[in-house]
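> pasting the structure only:
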């Protein structure tokens, strides 16, 4: 069982967090066959947090968990904060493979193409 | 002469702002034939700000300026702060068409596809 966790920063605005949850639901549909479940998690300010999301995936029987940082910049959150929350969970669940994929902003060619689709 | 302004939030980390400038340079190459110039601008914390970027485009002879918000969520920055900086510049340069394109996060299908390319 493979689980994908879309990790966003989290916002005080509930509508922003709901946007992320909707994106996770869209990913779930697009990822059919590659991931059995796609869920949203938040670094701060919204629930579930990253550790709780990992625990929920493990409880559902995940053997492999991939975290996908929904961030545009390679800042402290991506470089330090997300790995720091993942490491103790990997130690707690050694039978599960937990990895962190590149952050969204790393896909610069794809993002540039998307941006040009948005511009008139 | 058409000018595209990639509008990012701006960061205290110079490397994050440089990522945005590199993305603008990449857009410049990909947008050849559609835009004569692509530049980066920042809502706060980095230079140039939005008004200065608009003025620079006008000084270069722009007849049409499109601002492209490099934001994932439709928060206050996208809904209020960017338009609030654009409106007085449009009033100041009535001979130039200045518009704001949809923000990056609005391209949810495209973003979902990109995210799935990043996940293993």
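Right, received. Where do you want to start? These numbers come from a predicted model, not from an experiment.

> Residue A:3 belongs to a helix, doesn't it?
No: according to DSSP: H, G, I helix; E, B strand; the rest coil, residue A:3 belongs to no helix; its state is strand.

> That one contacts residue A:40, correct?
No: with contact defined as C-beta atoms under 8 Å, residue A:3 does not count as touching residue A:40 (12.0 Å). Where C-beta positions appear, they are placed from N, C-alpha and C, glycine not excepted.

> Okay, now the unreliable bits of chain A?
Applying pLDDT under 70 to chain A flags no residue at all.

> 90 - rerun?
A:11-13, A:32-33, A:73-76, A:120 (pLDDT under 90).

> just the helices in chain A please.
A:14-30, A:50-59, A:76, A:82-92, A:108-118 (DSSP state H).

> what would those helices look like in JSON lines with mean neighbour count and distance to chain B?
Listed next are the helices of chain A as JSON lines, based on neighbours: other C-beta atoms under 10 Å in any protein chain shown; distance: least, C-beta to the nearest C-beta, whole Å:
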{"stretch": "helix A:14-30", "mean neighbour count": "17", "distance to chain B": "4"}
{"stretch": "helix A:50-59", "mean neighbour count": "18", "distance to chain B": "14"}
{"stretch": "helix A:76", "mean neighbour count": "11", "distance to chain B": "8"}
{"stretch": "helix A:82-92", "mean neighbour count": "15", "distance to chain B": "14"}
{"stretch": "helix A:108-118", "mean neighbour count": "17", "distance to chain B": "5"}
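
> Could you export these as TSV, including distance to residue B:102?
Putting the helices of chain A into TSV (distance: least, C-beta to C-beta, whole Å) gives the following:
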stretch	distance to residue B:102
helix A:14-30	13
helix A:50-59	29
helix A:76	29
helix A:82-92	28
helix A:108-118	5
